[in-house]
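K.L.:
Sequence and predicted structure below; questions after.
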Amino acid sequence: MGRIGYSTRDFEVPDRTLAHLQVVILDKLRRSETFSLTLGSGLDGGTRTVVIGPGTELAFVYSGNRPPRLNRRWLAQLAGVATTNTGLLVTSEPDDGEPLPE
């Protein structure tokens, strides 16, 4: 189980999910975009929404020692939802069996 560190709060996220979120988050930050991220807190079963922008200090900490294989379809899905008013939230991972449309 990995973690995303935000300010003084950590969110527990499975390593596979964390790897995909890291790609999407860093891509948005490279473009100087501000967006919201909604994750479960892991403590009380509730969710927390944080606002992330270019000045936000983040740490991606993995519990495993091997990077997971990335699912391009899931990356596209997460990136798409991150551009909506809802902001970035974890969606279920789609099957990666078919190529993405061009």
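P.N.:
Everything's here; your move. Numbers count the residues shown, from 1 in each chain.

K.L.:
For the spatially most central residue of the chain, which three-state class applies?
P.N.:
With distances taken as Cα atoms, centre = their mean, the residue of the chain nearest its centroid is Leu21 (2.2 Å). Secondary structure, DSSP: H, G, I helix; E, B strand; the rest coil: Leu21 is helix.

K.L.:
Verify the contact between it and Ala79 for me.
P.N.:
No: using Cβ atoms under 8 Å, Leu21 makes no contact with Ala79, being 10.6 Å away. C-beta coordinates here come from the backbone N, C-alpha and C atoms, glycine included.

K.L.:
re earlier: OK, contacts around the residue nearest to the centre of the chain?
P.N.:
4, 13, 37, 78, 88, 90 (Cβ atoms under 8 Å, 6 or more residues apart in numbering).

K.L.:
Just those residues: which are in helices?
P.N.:
Leu78 (DSSP state H).

K.L.:
Adding distance to Arg31 and neighbour count as columns, could you present the contacts of Leu21 in CSV?
P.N.:
Below are these laid out as CSV (distance: Cβ to Cβ, whole Å; neighbours: other Cβ atoms under 10 Å):
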residue, distance to Arg31, neighbour count
Ile4, 19, 22
Val13, 22, 23
Leu37, 15, 23
Leu78, 15, 22
Leu88, 14, 22
Val90, 21, 18
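
K.L.:
Check the contacts of Leu21 against Val50 and report the nearest one.
P.N.:
Leu37 (5.5 Å; Cβ to Cβ).

K.L.:
contacting residues for the nearest residue in space to the closest one that is not next to it in sequence?
P.N.:
Among residues not flanking Leu37 along the chain, Leu88 sits closest, at 4.7 Å (Cβ to Cβ, 6 or more residues apart in numbering). Counting by Cβ under 8 Å, 6+ apart, Leu88 touches 21, 24-25, 28, 35-38, 78, 81-82.
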